[in-house]
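A.B. asks: have a look at this prediction, sequence included:
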Amino acid sequence: MPVFKYAQELTKIPNCPNKNCNAKDLEAYRWIHKEVSEKDFVPLSIIDSPPQRILDKSDILYISYGLSFFITKDLAQKKYIDEYNKRARQHLKEQFKSDKGESIALISLTISDGVASEPVSNGHFTFWEYSGVNFLDKIKGIFDIFDIDDSIENI
Amino acid sequence: MIQLKTYETLILQKEFLNRIGDLINIEGPILSLFQDLRNKDLYLFDWADSDKNFNRWLVYKVSPDSIKKFINNIISYKELFLSSLNLTYYFIDIDSNYSDCNYTLNKIESLPDAYIPMNENRFDKNDARNIDQIILTLSNFSKDYPFSLIKQNVLKNQPNIVKEPANELKKTHQKKYTFETIQKSNDARIVTRNPFSINLRERENAYENKRVPEYA
């Protein structure tokens, strides 16, 4: 019986992952840094730097121990560009690049890697990994989000 | 993070502060609306910077009118920012550990250009949180909040911001001010002229001495 990598933390969140999440074989896309490393596969709640934005206890509900993926490269890129553009200050845009990376990886997920939520309308789904999964070995391709001149590629 | 010169502190007591909702929330709050329950003053907590340990929030008072215009896409994020009452900005650095301590805000002497939002960013209801509660709160202002006093103060204290409401909008000020009337009035403009070209503290002193400096 596979064990979730963050099983202990997940016990604190009721019904997570929920019963609609399934293990399946699929190809998916995730934002990563060009110099990809294991740090590109750490859930938000485990990352302590930069700190999460918490103004009151309700923000803690946004804590997640899953990884974000997209069902297509275009949808992954569209969401990245949307979020990048929504940073209203230039240094926050740069920080977004530094935090989330500037590339997209094609990753081959299998039923032995974890369970996935159903994708939502923007193509995003959350993936809860089992212990022992090495995502670096599962990367099938890496794509740039920004052009050589640092502008954003049109999709 | 950028080093900021400060010259005063203000303590916002959390027990009197109600978080109404977030005008922007993407993986956590970015632009959050609070209300002081004692005097109904509205404060925006505007995420402006961060480092390894802290997120920096700019805190400023805004009129309900400005927020309505922002929600209705009449003004941009930048224009909302520049509509802060008295152009007074505070900041607070908050870590990721929630605490019940009151907010101790530091008044900023000179705001860096980098902290002024870009012009193209506008309200997107898909990024808002508790928008119904925000709209309800703003609607309540129309019944008992002295809009005219706010507007006079804004115009008196912000000589570098020329507000040019359309005729239709001017008329609505004379009537009962409702959220719906704002939605119909989509051509109010705010013209800004280098609002941070001088030290904010000098500006405030000038107000206190009832001298209005000239700006290019």
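C.D. replies: In hand now; what should we look at?

A.B. asks: got the buried residues for the longest helix anywhere in chain B?
C.D. replies: Longest helix of chain B, by residue count under DSSP state H: helix B:131-144. The neighbour-count check on helix B:131-144 (16 or more other CB atoms under 10 Å in any protein chain shown) flags B:131, B:134, B:135, B:137, B:138, B:141, B:142 as buried. Yep, even glycine has a C-beta here, placed from its N, CA and C like the rest.

A.B. asks: C-terminal to the helix or strand of chain A with the lowest mean pLDDT, what's the next element?
C.D. replies: Across the helices and strands of chain A, mean confidence by mean pLDDT, DSSP states H and E is lowest for helix A:7-10: a mean of 88. Counting by DSSP states H and E, the next helix or strand C-terminal to helix A:7-10 is strand A:26-32.

A.B. asks: what stretches of the chain score poorly on pLDDT?
C.D. replies: Here I'm looking at chain A. A:61-63, A:153-155 (pLDDT under 70).

A.B. asks: switch to chain B, please.
C.D. replies: Along chain B, the parts satisfying pLDDT under 70 run over B:142-216.

A.B. asks: residues of chain A that sit close to chain B?
C.D. replies: Within chain A, the positions adjacent to chain B are A:44, A:48-60, A:62, A:83, A:85-86, A:88-92, A:95 by CB under 8 Å from any CB of the partner chain.

A.B. asks: separate out the buried members of the residues you listed.
C.D. replies: So, by 16+ other CB under 10 Å, the buried ones in these are A:44, A:50-55, A:59, A:62, A:83, A:86, A:88-89, A:91-92, A:95.

A.B. asks: list the contacts for the residue nearest the centre of chain A?
C.D. replies: Taking CA atoms, centre = their mean, the centroid of chain A lies closest to residue A:68, which sits 2.8 Å from it. By CB atoms under 8 Å, 6 or more residues apart in numbering or on different chains, the residues touching residue A:68 are A:30, A:31, A:124, A:125, A:126, A:127.

A.B. asks: let's see the helix or strand containing it as CSV, backbone CA atoms only.
C.D. replies: Residue A:68 is located in strand A:67-70, with elements delineated by DSSP H and E. Coordinates of each C-alpha in strand A:67-70 appear next as CSV, following Å, rounded to 0.1, in the frame of the first residue of the first chain:
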residue,chain,number,x,y,z
LEU,A,67,1.8,19.8,-6.4
SER,A,68,0.3,21.9,-9.2
PHE,A,69,0.2,20.5,-12.7
PHE,A,70,-1.6,21.3,-16.0
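
A.B. asks: for chain A, which segments count as helices?
C.D. replies: Secondary structure of chain A by DSSP H: the helices cover A:7-10, A:73-86, A:90-100.

A.B. asks: for the shortest one, name the packing helices and strands.
C.D. replies: In this structure, helix A:7-10 makes packing contacts with no helix or strand, judged by 3 or more CB pairs under 8 Å, 6 or more residues apart in numbering or on different chains; DSSP states H and E.

A.B. asks: residues of it that come out buried?
C.D. replies: Burial within helix A:7-10, assessed by neighbour count using 16+ other CB under 10 Å, is assigned to residue A:9.

A.B. asks: which residues does it contact?
C.D. replies: Applying CB under 8 Å, 6+ apart, the external contacts of helix A:7-10 come out as A:4, A:16, A:17, A:45, A:65, A:128, A:131.

A.B. asks: list buried residues within the residues you listed.
C.D. replies: Going by neighbour count (16+ other CB under 10 Å), the contacts of helix A:7-10 have A:4, A:16, A:17, A:45, A:65, A:128 buried.

A.B. asks: mind checking how far the residue nearest to the centre of chain A is from residue A:41?
C.D. replies: 10 Å (CB to CB, to the nearest Å).

A.B. asks: so residue A:140 makes contact with residue A:109?
C.D. replies: No - the criterion here is CB atoms under 8 Å, and residue A:140 misses it with residue A:109 at 10.7 Å.

A.B. asks: just to revisit the earlier point, tell me the one of the buried ones among the residues of chain A next to chain B nearest residue B:70?
C.D. replies: Distance to residue B:70 across those (CB to CB) is lowest for residue A:88, with 12.2 Å.

A.B. asks: contact partners for that closest one?
C.D. replies: Contacts here follow CB under 8 Å, 6+ apart; on that basis residue A:88 touches B:77, B:78, B:117, B:118, B:121.

A.B. asks: so in terms of bridging, what pairs with residue B:46?
C.D. replies: Applying DSSP bridges to residue B:46 gives these bridge partners: residue B:31, residue B:58.

A.B. asks: so it touches residue B:55, yeah?
C.D. replies: No - using CB under 8 Å, residue B:46 is not in contact with residue B:55, being 11.0 Å away.

A.B. asks: looking at those two, which is more packed in?
C.D. replies: Just comparing residue B:46 and residue B:55: by other CB atoms under 10 Å in any protein chain shown the higher neighbour count belongs to residue B:46, 27 against 24.

A.B. asks: dump the residue contacts of that one.
C.D. replies: B:30, B:31, B:57, B:58, B:59, B:60, B:81, B:117.
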